[in-house]
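Undergrad: need coordinates for the below:
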Amino acid sequence: MTRTPRQVVEELVDAYNAKSLERLRALYRPEARFWDPFHRAGVVGQDAIEHVLDGLFQRYPDEQMSIVTLVADSTHAVAELRSTGHSADGRAFDLDFTEVYEVEDGRIVSCRVYIDPRAVPG
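TA: The predicted structure follows:
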C-alpha cells in the first residue's frame, strides 16, 4: 500500500526527529527537488537533499520538529511546523515555518520550505 501525502509528512517528521538520514532519503524520489531560502537555486536528487539534511543535523543537533497543522489531498501536503532546540553553539531557538510537498507513489517529488531566514540561528 502506497503512503498518502499526509502519511509521508508524518513519517518525515518522525525520521527527522530521530535524525535518520536513511529513513529521510527513502522518503524522497531519486529526482526529488528541495528548495528553501538558503538554497534558492534548489537542490536536486537524493544525494544533494541528504547533504542538506545532514548539515541541518550538524548545525541543530537537538532540533525537534512538530506538526502544528497538516492538510493534504491525493498529491500534495502543506504542513505548518514548529522546530525547537539549540544551535551547535548553544543558542536556543523556537521557529515556525511552512513546508509544501508534492508526493507521487508515496515519495516526495518536491519540498518547498517557507521560513524567515533572519529567525534561523547561525
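Undergrad: CA only for contacts and neighbour counts going forward, please
TA: Will do.
Undergrad: remind me, longest strand of this protein?
TA: Secondary structure of the chain per DSSP state E: the longest strand is strand 92-104.
Undergrad: what helices or strands is the helix or strand following that strand leaning on?
TA: Using DSSP states H and E, the helix or strand that follows strand 92-104 towards the C-terminus is strand 107-114. When contacts are defined as 3 or more CA pairs under 8 Å, 6 or more residues apart in numbering; DSSP states H and E, strand 107-114 packs onto helix 21-27, strand 28-36, strand 92-104.
Undergrad: out of the ones you listed, nearest to G45?
TA: Proximity to G45 (CA to CA) singles out strand 28-36 among these, at 4.6 Å.
Undergrad: kindly reformat the helices and strands packed on strand 107-114 as TSV and extend each row with distance to E80.
TA: TSV is the format used below for the helices and strands packed on strand 107-114 (distance: least, CA to CA, whole Å):
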stretch	distance to E80
helix 21-27	19
strand 28-36	15
strand 92-104	4
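Undergrad: in a markdown table: those, plus distance to V78, mean pLDDT and mean neighbour count.
TA: Converted to a markdown table, the helices and strands packed on strand 107-114 look like this (distance: least, CA to CA, whole Å; pLDDT from 0 to 100; neighbours: other CA atoms under 10 Å):
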| stretch | distance to V78 | mean pLDDT | mean neighbour count |
| --- | --- | --- | --- |
| helix 21-27 | 16 | 97 | 17 |
| strand 28-36 | 14 | 98 | 19 |
| strand 92-104 | 5 | 97 | 18 |
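Undergrad: which one of the ones you listed lies closest to P117?
TA: In terms of CA to CA, the element of the helices and strands packed on strand 107-114 nearest to P117 is strand 28-36, at 9.2 Å.
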